[in-house]
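Novice: After the sequence you'll find the predicted model.
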Amino acid sequence: MTTLPPAVQLAPHIVFDNVGKSYAGHSGLVEALSAVSFDIRHGEVFGIIGRSGAGKSTLLRTINALETPTSGQVQVHGINPAKLDEEALVTLRRRIGMIFQHFNLLSAKTVAENIALPLRVAGERPALIKRRVDELLNLVGLTDKANVYPAQLSGGQKQRVGIARALVHAPEVLLCDEATSALDPETTQSILTLLRDINRQLKLTVVLITHDMGVIRAICDRVLVLDRGQVQEVGKVWRVFGAPQAKATQALLRPLQQDLPPDLAQQLMSAPTEPLDRAVFSLRFAGSRHAQGLPLQALAALGPLVTLLHGGLDRLDGHALGQLLISAPVANLPSLETLHHATGADHLELLGYVRTN
Ligand SMILES: Nc1ncnc2c1ncn2[C@@H]1O[C@H](COP(=O)(O)OP(=O)(O)OP(=O)(O)O)[C@@H](O)[C@H]1O
């Protein structure tokens with residue numbers, strides 16, 4: 001298999017240039033998107049995250065012209081979908097597959113017939129349709145379900161059919177509209193793994209929208225945070241997760257943070273009462289250092305009796321990210337500056353003190 005040179009892989013595939021979209025609502029215009037500018041590169045898995053109503057669906061749907069911007073423009077492969085006539089739009093949409101939260105399968109058709117449908121509509125020959133459907137069933141691991149109806153499938157299997165159907169025309173872009181929101185955590189993981197495999201095998205650009213930071217962490221290369229129709233931040237996932245700049249990102253990341261467990265929070269005092277008390281520190285690692293992992297010696301800077309209380313480190317794209325909660329006896333504690341330097345944490349905070357049991 002030949003690999004494309006980096007410049008080609010990084011070339012913009014989809015460009016948003018000052019895109020705005022407003023809808024007529026009950027009490028005036030609703031500005032769903034406002035001055036949105038960014039680009040998505042060839043072959044990347046790009047995530048768009050935001051709260052409900054942030055404008056994610058509207059943004060995704062401008063890529064295949066299911067929505068048309070009120071101002072600005074979108075370019076896909078250098079083409080503005082909003083400017084195309086019906087016939088040219090059909091051709092462009094074949095280059096852009098899409099999957100949905102609720103799968104959108106036809107219940108009266110079998111798995112194979114659901115996948116074959118777009119090819120039948122396009123007037124392809126039966127032999128070609130059969131070959132292509134078999135290939136796709138194999139790709140998504142559903143060869144044994146070809147003649148089964150959607151009602152007999154699990155949610156994860158239905159989404160696999162949705163993925164196979166989205167790939168029938170060998171598109172260059174796959175749009176995923178909350179594709180795992182209706183699935184349990186284990187099935188979500190298997191669908192995300194499948195999407196990542198497809199992205200790598202087929203060199204497909206994947207654009208997904210979600211309200212779940214876990215999905216972004218699992219498969220995205222870069223992420224855009226959208227709030228009230230505006231771009232809050234965009235960047236590599238490890239950077240945005242390690243050092244979120246926007247309030248909206250910080251709020252979305254809260255559920256993934258490891259705060260002081262309630263039993264320890266209850267015991268926390270603002271000042272030590274005796275030398276045997278222990279100071280509790282939070283150390284945050286934003287991925288800028290410790291690419292090889294955090295040396296345990298770095299924690300020894302807190303003294304020989306340091307205790308790891310809670311937390312953990314994740315590896316994202318070769319960067320160590322996370323938070324550790326640590327305690328150490330107050331007697332002979334080095335200064336905060338010394339600890340900060342010695343541990344290599346991006347952020348070090350003294351949370352309070354607890355009694356030694
Ligand atoms: N067809 C429409 N007519 C009027 N308002 C709309 C329409 N579609 C979306 N909106 C409004 O535009 C804003 C953005 O909606 P959008 O569905 O894009 O957000 P979202 O981030 O995808 O939300 P969710 O996660 O809940 O699906 C919301 O205020 C919504 O009510």
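Specialist: Perfect, thanks for sending it. Numbering: from 1, shown residues only.
Novice: residues touching residue 222, list them.
Specialist: Each residue near residue 222 by CB atoms under 8 Å, 6 or more residues apart in numbering is listed here: 41, 44, 46-47, 234-237. Backbone N, C-alpha and C define where each C-beta goes, glycine included.
Novice: And the spatially closest residue to residue 151 that is not a sequence neighbour, what's its pLDDT?
Specialist: Using CB to CB, 6 or more residues apart in numbering and skipping residues adjacent in sequence, the residue nearest residue 151 is residue 107, 6.1 Å away. Note for residue 107: predicted pLDDT of 96.
Novice: thought residue 107 was touching residue 150?
Specialist: Yes - assessed by CB atoms under 8 Å, residue 107 is found in contact with residue 150 at 5.4 Å.
Novice: more crowded one of those two?
Specialist: Each of residue 107 and residue 150 has its neighbours counted (other CB atoms under 10 Å); residue 150 has more, 19 against 8.
Novice: do you know how far that one is from the ligand?
Specialist: Here the distance between residue 150 and the ligand works out to 23 Å (CB to the nearest ligand atom, to the nearest Å).
Novice: sorry, back to before: of the contacts of residue 222, which is the most crowded?
Specialist: Ranking those using other CB under 10 Å puts residue 47 first, with 27 neighbours.
Novice: Tell me the secondary structure at it.
Specialist: What DSSP: H, G, I helix; E, B strand; the rest coil gives for residue 47 is strand.
Novice: quick one, what contacts it?
Specialist: Residue 47 neighbours (CB under 8 Å, 6+ apart): 208-210, 215-216, 219-220, 222-224, 237.
Novice: same thing but at 7 Å, please
Specialist: 208, 210, 215-216, 220, 223 (CB atoms under 7 Å, 6 or more residues apart in numbering).
Novice: now do residue 85
Specialist: Counting by CB under 7 Å, 6+ apart, residue 85 touches no other residue.
Novice: what's the pLDDT at it?
Specialist: 93.
Novice: ok now do residue 324, which residues does it touch?
Specialist: 283, 308, 311.
Novice: Quick check on those: which are buried?
Specialist: 283, 311 (16 or more other CB atoms under 10 Å).
Novice: how about the contacts of residue 324 in CSV, adding distance to the ligand, pLDDT and secondary structure?
Specialist: Below are the contacts of residue 324 laid out as CSV (distance: CB to the nearest ligand atom, whole Å; pLDDT from 0 to 100; DSSP: H, G, I helix; E, B strand; the rest coil):
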residue, distance to the ligand, pLDDT, secondary structure
283, 34, 89, strand
308, 38, 89, strand
311, 30, 89, strand
